[in-house]
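Colleague: sharing a model that was predicted from the sequence below.
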Amino acid sequence: MAKSVRAKLAEQVAAATRMLVEENVLDYSGHISCRLPGTDTFLIQPVSDSRAELDPDRLVIVDLDGNVVEGNWRPPLEVALHVEILKARPDVQAVLHCHMDEAITFTLMKDVPILPLRVYAKRWAAGIPTHADPGHVNTPEKGAALAETLGEGGAALIRAHGLVMVAESVPALFVDAVHFRENCDQQLRVMQVGREPVPLTEDEMELIAGPRDFHVAKLWNYYVRKNQAGGIVPQDWDSDF
């Protein structure tokens with residue numbers, strides 16, 4: 001029996017969350033949201049559930065006023081972050097908020113931007129803004145301010161706090177997060193040996209990168225099946241892109 005769109009998306013959110021824990025992007029905090037197509041609502045995990053074993057049946061449904069419309073658990077404390085970004089960006093289907101160490105490091109250095117050094121960094125080659133307020137994004141006003149900092153881009157840093165990232169699907173968001181961490185790590189490695197990073201040019205990025213849909217599907221399939229083999233993601237969860 002085919003799974004509903006909602007069930008498939010819930011499994012994608014739960015799988016991506018568990019896998020991002022394995023990739024050191026999420027830990028005991030952070031969260032992914034995903035729109036429910038054709039509605040003004042989205043899926044998100046409860047505030048206290050472990051990211052390492054998130055269950056799709058535990059996700060709550062929240063509307064764009066921040067109200068829980070289905071589910072018996074509280075959403076994350078920073079649910080306003082997701083609400084305001086989804087309201088401001090109708091093109092976005094999935095949002096990640098995390099406290100990635102590598103990203104925070106770049107918010108604590110003066111005039112050191114994250115440069116496009118890895119193959120798929122083209123997504124942020126135009127620059128990554130930093131939101132100046134390090135506090136929790138726990139009110140509509142703070143969420144709207146962060147959405148303004150993000151603008152039309154794919155990611156924004158939050159000073160001494162973490163980052164937000166947006167994409168057209170949960171699998172795409174997962175792949176972007178993995179590449180973002182890889183790119184940050186690569187730049188920090190170059191800086192550690194006292195050398196100046198040399199960013200990829202636009203032509204070089206075009207030369208190396210292939211079609212985005214193909215790449216996202218390939219990596220999503222790889223990571224889902226790797227984590228299914230390792231017991232992180234259940235075998236019966238939907239791995240289709």
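Modeller: Sure thing, it's come through. Numbers count the residues shown, from 1 in each chain.

Colleague: C-alpha only now, for contacts and for neighbours.
Modeller: Noted.

Colleague: quick one: name whatever helix or strand follows the helix ranked longest in the chain.
Modeller: Counting by DSSP state H, the longest helix found in the chain is helix 170-192. For helix 170-192, the succeeding helix or strand toward the C-terminus, using DSSP states H and E, is helix 202-208.

Colleague: then that next one to CSV, C-alphas only?
Modeller: Only the C-alpha atoms of helix 202-208 are listed here, as CSV (Å, rounded to 0.1, in the frame of the first residue of the first chain):
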residue,chain,number,x,y,z
GLU,A,202,32.1,30.7,-10.9
ASP,A,203,33.4,29.0,-14.0
GLU,A,204,35.2,26.3,-12.0
MET,A,205,32.0,25.6,-10.0
GLU,A,206,30.0,25.3,-13.2
LEU,A,207,32.6,23.0,-14.7
ILE,A,208,32.5,20.6,-11.7
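
Colleague: that's a strand at Leu163, yeah?
Modeller: Yes. Looking at Leu163 with DSSP: H, G, I helix; E, B strand; the rest coil, it is inside a strand.

Colleague: tally up the residues packed near the nearest residue to it once chain neighbours are set aside, please.
Modeller: Counting by C-alpha to C-alpha, 6 or more residues apart in numbering, Leu163 lies nearest to Leu157, which is 4.2 Å off, once chain neighbours are set aside. The tally of other residues near Leu157 (other C-alpha atoms under 10 Å) stands at 27.

Colleague: before we move on, the earlier item: quick check: mean pLDDT of the longest helix of the chain?
Modeller: Helix 170-192 shows a mean pLDDT of 97.

Colleague: now swap in stretch 23-30 and tell me
Modeller: Rounded mean pLDDT across stretch 23-30 is 96.

Colleague: and that stretch, which residues are buried?
Modeller: 25-27, 29-30 (16 or more other C-alpha atoms under 10 Å).

Colleague: which ones among the residues you listed map onto strands?
Modeller: Cross-referencing the buried residues of stretch 23-30 against strands under DSSP state E gives no overlap.

Colleague: let me know the closest of these to Trp220.
Modeller: Val25 (15.6 Å; C-alpha to C-alpha).

Colleague: number of nearby residues for Val216?
Modeller: Val216, neighbours per other C-alpha under 10 Å, totals 19.

Colleague: does it touch Val170 like I think?
Modeller: No. Counting by C-alpha atoms under 8 Å, Val216 stays clear of Val170, with 10.0 Å between them.

Colleague: coming back round to it: can I get the longest helix of the chain in CSV? Just the C-alpha atoms.
Modeller: Output in CSV follows, covering the C-alpha atoms of helix 170-192 (Å, rounded to 0.1, in the frame of the first residue of the first chain):
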residue,chain,number,x,y,z
VAL,A,170,14.0,17.7,2.8
PRO,A,171,16.5,15.6,0.8
ALA,A,172,18.0,18.8,-0.8
LEU,A,173,18.2,20.4,2.6
PHE,A,174,20.1,17.4,4.0
VAL,A,175,22.5,17.4,1.2
ASP,A,176,23.1,21.1,1.4
ALA,A,177,23.8,20.8,5.2
VAL,A,178,26.4,18.1,4.6
HIS,A,179,28.1,20.1,1.9
PHE,A,180,28.0,23.2,4.1
ARG,A,181,29.8,21.5,6.9
GLU,A,182,32.4,20.0,4.5
ASN,A,183,33.1,23.4,3.0
CYS,A,184,33.5,25.1,6.4
ASP,A,185,35.8,22.3,7.6
GLN,A,186,37.9,22.6,4.4
GLN,A,187,38.4,26.3,4.9
LEU,A,188,39.3,26.0,8.5
ARG,A,189,41.9,23.3,7.6
VAL,A,190,43.5,25.6,5.1
MET,A,191,43.6,28.4,7.6
GLN,A,192,45.0,26.1,10.3
